[in-house]
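Participant: dropping a prediction and its sequence here:
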Amino acid sequence: MSTINYSEMIPNNVDLAGDRTLQRALEQWQPNYLKWWADMGPDGAQDFDVYLRTAVSVEPGGWAHFDHVKMPDYRWGIFLAPSEAERKIHFGEHLGEPAWQDIPGEHRANLRRIIVTQGDTEPASVEQQRHLGLTCPSQYDLRNLFQVNVEEGRHLWAMVYLLHRYFGRDGREEAEELLQRRSGDTDNPRILGAFNEKTPDWLAFFMFTYFTDRDGKFQLCALAESSFDPLARTTKFMLTEEAHHMFVGESGVARVLQRTCDVMKRLETDDPARVRGEGAIDLPTIQRYLNFHFSVTVDLFGADQSSNAATFYNAGLKGRFEEGRRGDDHRLLDAQYGILEAVDGRLVQRDVPMLNALNEVLRDDYIKDSVSGIGRWNKVMEKAGVPFRLVVPHKAFNRKIGTLANTRVSPDGRVVDAAEWAAHEREWLATPEDRAFVASLMGRVVEPGRFANWIAPPPMGINKQPIDFQYVRFN
Ligand code: BYC
């Protein structure tokens, strides 16, 4: 017997009600998903009524429907952006041919691998963030955390839809495994490095949503170019939700900076110890958090030279960021691109075939985008008359993936030896003491309109609601 009322419970535009095979696959998977959510979703929050945005259709008025709902009752939907009539493949060896509505056999394994890797990050981030609700700085922030969590859940659904609909039994097995891997588990970890790191406090959460969700934006943009049309349309719709996650990160860090600057001005000091003494987070600590999150996130783009990346592009599975807007031949057979290598203790650029360097191309586009938001953070200090400026570390700093993985590079881009690294590591990356200090500030603030001491209130509420709106009812 069917356990799911398809159009009511799973808002969708993929004719779920008319697709028995897909229904059967989801009927198996959905109870396991809900069990995963109960075990690994937000800790102790399943009974809260949360003011959440739910996508109920892809029309402009439909993807942002606000209401108080319990998270386990959130209507995780399946949406593809509207199809483009007669869409053509616009890069790689199939350029000019019609986009695929089904998967060509020879690309099945690679597409599955890309979809699984993308899908794996979504539940991973929910697992990483599951205890943060216990130490929220306000109801407004708590609601934003939960919004991010349910949408990551929906993004998992989006990838599971593709696995169920297009990959038969293999796809169903992969979809199950997405619920079995666990962030940080030594035996069965999540696939990519950054998704096995801890997100232990709210400064880490804001850095994660600023930097790591932005990797999501760039990877999804590259997949939105795919010749496999259902993947392109699914990821395009996911991007509408991703923007809010990056907003949470950017505005969150800006509010932390605002409070720190207020304290520095009041005390007329730039002494980190005195700032900490007032219960605010000193600017050098914020810089060290930034260095960590930026470096683990740039690793997510993969090795700087990758034959996988060349295959994915050539076959038309994954494009570049804004592929359609680029003025080159979209085949790249003769194009070159500069990657960095350490030679005789110095970083030097070497040109390699661009097809093999496409991970680096995407990483560089990502870095440009990241830097512009940091300029906006620095405006907070500028306005406050505080001379400190945040900087993005060099892209070779603290790398674990690719050519630079075994080279020690300082944040300003100098190759350093083990002794210099050891002497400065504590100035460059958040230390256990920094993390313990930040953790010591994390108390739970839940009265409407109140904010923890270490963060300034936002300039406005969510969906034009007042800042002291009851975003979460605790029941
Ligand atoms: N950690 O040839 P390479 C998001 C592996 S974030 C561990 O460079 P390739 C989100 C690699 O898998 C967006 N392992 O690989 C954000 C390969 O393994 P195998 C997620 C790594 O294939 C916040 C080997 O090293 N989406 O949505 O060119 C919250 C050789 O590397 C890492 C995607 O990533 C790493 N960092 O590139 C929620 C898009 N990097 O096969 C969500 C889909 C590489 O030798 N994924 N490896 O065992 C891809 O396009 C590619 O898989 C990658 C890797 C760009 C990630």
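Facilitator: Perfect, I can see it now. Numbers count the residues shown, from 1 in each chain.
Participant: count of neighbours near the closest residue to Asn378 other than its chain neighbours?
Facilitator: Leaving aside its sequence neighbours, Asn378 sits nearest to Arg389 (Cβ to Cβ, 6 or more residues apart in numbering; 5.0 Å). C-beta here means a position set from N, CA and C on the backbone, and glycine is covered the same way. A total of 13 residues lie near Arg389 under the criterion other Cβ atoms under 10 Å.
Participant: what residues does the stretch 301-450 of the chain put near the ligand?
Facilitator: Neighbours of the ligand within the stretch 301-450 of the chain, by Cβ under 6 Å from any ligand atom: Phe301, Gly302, Ala303, Ser306, Asn308, Ala309, Lys318, Asn359, Ile401.
Participant: and if we set it to 8 Å?
Facilitator: Residues of the stretch 301-450 of the chain lying close to the ligand (Cβ under 8 Å from any ligand atom) are 301-304, 306-309, 312, 318, 359, 362, 400-402.
Participant: so the residue nearest to Asn378 sits in a strand?
Facilitator: No: counting by DSSP: H, G, I helix; E, B strand; the rest coil, Arg389 is not part of a strand but coil.
Participant: that one against Lys379, yeah?
Facilitator: No: under the criterion of Cβ atoms under 8 Å, Arg389 is not in contact with Lys379, lying 10.2 Å apart.
Participant: next, the residue nearest to Asn378: phi, psi?
Facilitator: Note on Arg389: backbone dihedrals following degrees, to the nearest 10 are phi -130, psi 140.
Participant: helix, strand, or coil at the residue nearest to Arg259 when sequence neighbours are not counted?
Facilitator: Excluding the flanking residues, the one nearest Arg259 by Cβ to Cβ, 6+ apart is Ala456, at 4.6 Å. The three-state assignment at Ala456 reads coil, by three-state DSSP.
Participant: give me every residue that touches Ala456.
Facilitator: For Ala456, the contacting residues are Arg255, Val256, Gln258, Arg259, Asp262, by Cβ atoms under 8 Å, 6 or more residues apart in numbering.
Participant: please redo it, this time with the cut-off set to 10 Å
Facilitator: By Cβ atoms under 10 Å, 6 or more residues apart in numbering, the residues touching Ala456 are Ala254, Arg255, Val256, Leu257, Gln258, Arg259, Thr260, Cys261, Asp262, Ala280, Val380.
Participant: neighbours of the fourth one, just the number please.
Facilitator: If I follow you right, that is Leu257. Leu257 has 25 neighbours, counted by other Cβ under 10 Å.
Participant: and the residue lying closest to it once chain neighbours are set aside, how far is that from the ligand?
Facilitator: Residue nearest to Leu257 in three dimensions, not counting chain neighbours: Val380, with 4.4 Å by Cβ to Cβ, 6+ apart. Remark: distance between Val380 and the ligand (Cβ to the nearest ligand atom, to the nearest Å) = 24 Å.
Participant: element containing Val380, please.
Facilitator: Using DSSP states H and E, Val380 sits in helix 358-384.
Participant: which stretches of the protein have low pLDDT?
Facilitator: 1-5, 7 (pLDDT under 70).
Participant: grab the most central residue of it for me.
Facilitator: Asp213 (2.0 Å; Cα atoms, centre = their mean).
Participant: what residues are up against that one?
Facilitator: 121, 125, 148, 152, 242-249, 297.
Participant: if I pick the residue nearest to Leu257, what's in contact with it?
Facilitator: Val253, Ala254, Arg255, Val256, Leu257, Gln258, Arg259, Thr260, Cys261, Val386, Leu390, Ala456.
Participant: quick revisit: surely the residue nearest to Asn378 is in contact with Gln287?
Facilitator: Yes: with contacts defined as Cβ atoms under 10 Å, Arg389 counts as touching Gln287 at a distance of 9.3 Å.
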